[in-house]
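Q: Below are the sequence and a predicted model for it; my questions follow.
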Amino acid sequence: MTDGADWTFAMIDLAGFTALTEAHGDDRAADLATDFADLARASLGPDDRFVKAIGDAVLLASPDPSAGLALAERTLAACQGRAGYLLTRTALHHGSATQRSGDFFGSAVNLTARLAAHAAAGQVLATTSVAEVARASGLRVEDLGETTFKNVSVPTRIHTVTLMPGPIVESIDPVCRMRVAHHNAAGFLRHEGAEFWFCSLECATQFAVGRR
């Protein structure tokens, strides 16, 4: 049991997980969530902690912001290296937390969860203490100003952090929200001047039927 120690928390979840479940079924969704947790565990550094998996999200802890940023980057790179993965939403925050039986509790964990829910697909959000370390290390950081979160007493200044370049030849399947590399796509359709790429013929069919 440890009380009051400072950690950098990273919460990463899979954007569009509900849509994928509806399109491909519970078994496929469960396999993906399990694989995602395994990727996060494999990305841990010597002093990092895999705290827990929460459905399609993982909570990770590192001893300081530099280690937390590095862990998040390794995890996101591992996800990007997997074919047919969803985009991720990532939050990083440094603060004090209490440990009980390997889990962490406290306002720092709660704020990290709120920040992750606020992130857009493919986005990495960080609070100021983490963003300052990211900027000092040469990463691109953009100040988004202060945001008020539910059950957080004071406004929180948040920042976007660019950990790694985004995919260049990928699109998001409009049905299941899966990332689709164009060279591996099952196909694409043009609709009202836009191109839509699909992970499977089933998704392409659902899309086409819905627009008749």
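A: Alright, I've got the coordinates. Not measured: the values here are computed from a predicted model.
Q: counting contacts, what elements does the host helix or strand of residue 66 pack onto?
A: Here residue 66 sits within helix 65-80, counting by DSSP states H and E. Packing partners of helix 65-80 (3 or more C-beta pairs under 8 Å, 6 or more residues apart in numbering; DSSP states H and E): strand 2-14, helix 26-42, strand 57-62, strand 88-100, helix 128-136. No exception for glycine: its C-beta is placed from N, CA and C like everyone else's.
Q: Report the residue spans of this protein with pLDDT below the cut-off.
A: 1-4, 164-169, 183-184, 212 (pLDDT under 70).
Q: which one is residue 177 nearest to, not counting chain neighbours?
A: residue 16 (2.6 Å; C-beta to C-beta, 6 or more residues apart in numbering).
Q: ok, the one you found touching residue 85?
A: No. With contact defined as C-beta atoms under 8 Å, residue 16 does not count as touching residue 85 (10.4 Å).
Q: so how far is residue 26 from the nearest residue to residue 89 once chain neighbours are set aside?
A: Spatial nearest neighbour of residue 89, chain neighbours left out: residue 119 (3.9 Å); criterion: C-beta to C-beta, 6+ apart. Taking C-beta to C-beta, to the nearest Å as the measure, residue 119 falls 25 Å from residue 26.
Q: Of those two, which one has the most company?
A: A side-by-side neighbour count of residue 119 and residue 26, using other C-beta atoms under 10 Å, places residue 119 first with 21 against 9.
Q: Just list the residues touching the more buried one, thanks.
A: 89, 90, 91, 125 (C-beta atoms under 8 Å, 6 or more residues apart in numbering).
Q: What's the separation between it and residue 24?
A: 23 Å.
Q: One more: residue 40?
A: 21 Å.
Q: picking that back up, out of the helices and strands packed on helix 65-80, nearest to residue 48?
A: Ranking the helices and strands packed on helix 65-80 by proximity to residue 48 (C-beta to C-beta) places strand 57-62 first, at 4.9 Å.
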